[in-house]
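Novice: Sequence first, predicted coordinates after that:
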Amino acid sequence: MEPLNNLRDERGLAGTRVIQSDLHVLLASDQRYVRGLLVTLASAAKFAPTDRHTTLHVINAGLTAYGVQEVRRLARRFPPQISLDLRSLNVPREIEGARKMSGSTACYARLLMGSFLPDVERVIYLDVDIVVNRPLDELWNVDLGGRLLGAVRDPHFQTLADDCLTHSQPELGDDLVHYFNSGVLIVDLDFWRRSSFEQVVLNYLSEHGAKCKLWDQTALNRLLRGHVAWLHSSMNFLVLPAQNHDFRVDQAVLFDGRAIYHMVGATKPWHAFLYHEAHTLWHRNWILLVRRFPTYALSPAFWARPVLWQFVRGSKLHEWACRVALRAKIYRFIPAVSEARLRSHLALFEPSQPPS
Ligand SMILES: [Mn+2]
């Protein structure tokens, strides 16, 4: 992957300049993500600047009346410099045929940010599976250097070709174009409107929407083709549901816990009966900021896994069990166990590699 490394060296991270204006943050959610929305809103409000006004704009892409009530109840506790702007939006016909994310087109709502916020010049976009844990103005102050938006390189999809499998264009160098995660964006909304980007992306989706593997993120990456300002990974730190390394160690070592955490993958921390790497982090916000009951405490997985991890993982017994299971091909009979999974466990016993 020689050329990719060259590209990586060429493009440094975006710098910052102080932008002393009121902050605008945009989110979009339907009812299925309402718990995520509440935590994202509450944590964003906590880390908003205290000397300026911040408006949290929420696109209601299918919240129930009760969901709306819950969001409004949360917003009543925000300090006076933070306000909520919650409105619905009609889905344009261009995205009706686009690939759905678990039956919904709500993930495309962010693409309408330019017309949803006609008087806003710059906006922070946040997914609703996020915990903000660093001051938001650090993201607000990113110097985009004339680019449409700033985003973080996706550690799981290195290049455009890794995502757009169905309509990759190697002749255009898709295997060299860096790929970003669209869960946290800082957008020059003025530029977005001036260049009619909304229509460009909607046209693209009406034609190719059914083939976009990662929905709106595929479309944004393809249309911008790497012409983005690259942000530091702590601005959108991707947390997978179950990683093989210790998330708590990562948090502490990488950036002293100061990050915007993004819970990617289908399993979310609010799915009470499944273990999630960021369970504790997310629920701390759920209990303290949203002031809700810690439902995870009812889940056996939540208790069993840390105990196993503490006492079994890394032990001789663990290594021996993995080797026996691999040799006897036991994994063929146990649904949750695979050969790849066993091998990933065995990798724990090999000398550790420096992070690349
Ligand atoms: Mn997300």
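Specialist: That came through, no problem.
Novice: Got phi/psi on whichever residue of the chain sits closest to the ion?
Specialist: Proximity of the chain to the ion (C-beta to the ion) peaks at Asp127, 3.5 Å away. No exception for glycine: its C-beta is placed from N, CA and C like everyone else's. Torsion angles at Asp127 (phi, psi; degrees, to the nearest 10) stand at phi -60, psi 170.
Novice: Tell me who's in contact with it.
Specialist: By C-beta atoms under 8 Å, 6 or more residues apart in numbering, the contact set of Asp127 is Leu27, Thr40, Ser182, Gly183, Val184, His262.
Novice: Please list the residues of the protein that sit near the ion.
Specialist: Asp127, Asp129, Gly183 (C-beta under 5 Å from the ion).
Novice: Tabulate those residues (TSV), appending pLDDT and distance to Leu288.
Specialist: Shown next, in TSV, are the residues of the chain next to the ion (pLDDT from 0 to 100; distance: C-beta to C-beta, whole Å):
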residue	pLDDT	distance to Leu288
Asp127	95	21
Asp129	95	18
Gly183	94	23
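Novice: In JSON lines: those, plus distance to Asn236.
Specialist: Converted to JSON lines, the residues of the chain next to the ion look like this (distance: C-beta to C-beta, whole Å):
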{"residue": "Asp127", "distance to Asn236": "9"}
{"residue": "Asp129", "distance to Asn236": "11"}
{"residue": "Gly183", "distance to Asn236": "6"}
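Novice: Pick the one among the residues you listed closest to Ser88.
Specialist: Nearest to Ser88, judged by C-beta to C-beta, of these is Asp127 at 18.9 Å.
Novice: how much space between that closest one and Gln310?
Specialist: 31 Å (C-beta to C-beta, to the nearest Å).
Novice: thinking again about what came up before, and which of the residues of the chain next to the ion is nearest Val18?
Specialist: Gly183 (25.0 Å).
Novice: How far off centre is the host helix or strand of the closest one?
Specialist: Counting by DSSP states H and E, the element that carries Gly183 is strand 180-188. Relative to its chain's centre, strand 180-188 lies at 9 Å (C-alpha atoms, centre = their mean, to the nearest Å).
Novice: just stretch 87-101 next, same as before
Specialist: With C-alpha atoms, centre = their mean, you get 20 Å for stretch 87-101.
Novice: Name the residues that touch it?
Specialist: By C-beta under 8 Å, 6+ apart, stretch 87-101 touches 28, 57-61, 105, 107-109, 111-112, 116, 202-203, 205-206, 209-213, 215.
Novice: C-alpha coordinates for that stretch, CSV please?
Specialist: Only the C-alpha atoms of stretch 87-101 are listed here, as CSV (Å, rounded to 0.1, in the frame of the first residue of the first chain):
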residue,chain,number,x,y,z
ARG,A,87,-38.5,20.2,13.9
SER,A,88,-39.7,17.6,11.5
LEU,A,89,-38.7,17.2,7.9
ASN,A,90,-40.2,15.6,4.9
VAL,A,91,-38.2,13.0,3.0
PRO,A,92,-37.6,14.2,-0.5
ARG,A,93,-38.5,11.8,-3.3
GLU,A,94,-34.8,11.4,-4.4
ILE,A,95,-34.0,9.3,-1.4
GLU,A,96,-37.2,7.2,-1.4
GLY,A,97,-35.4,4.4,-3.4
ALA,A,98,-32.1,4.7,-1.5
ARG,A,99,-30.8,1.8,0.6
LYS,A,100,-32.5,1.8,4.0
MET,A,101,-30.8,1.4,7.3
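Novice: any idea of the mean pLDDT for it?
Specialist: Stretch 87-101 comes out with an average pLDDT of 77.
Novice: Name the residues of that stretch that are buried.
Specialist: Val91, Pro92, Glu94, Ile95, Ala98, Arg99, Lys100, Met101 (16 or more other C-beta atoms under 10 Å).
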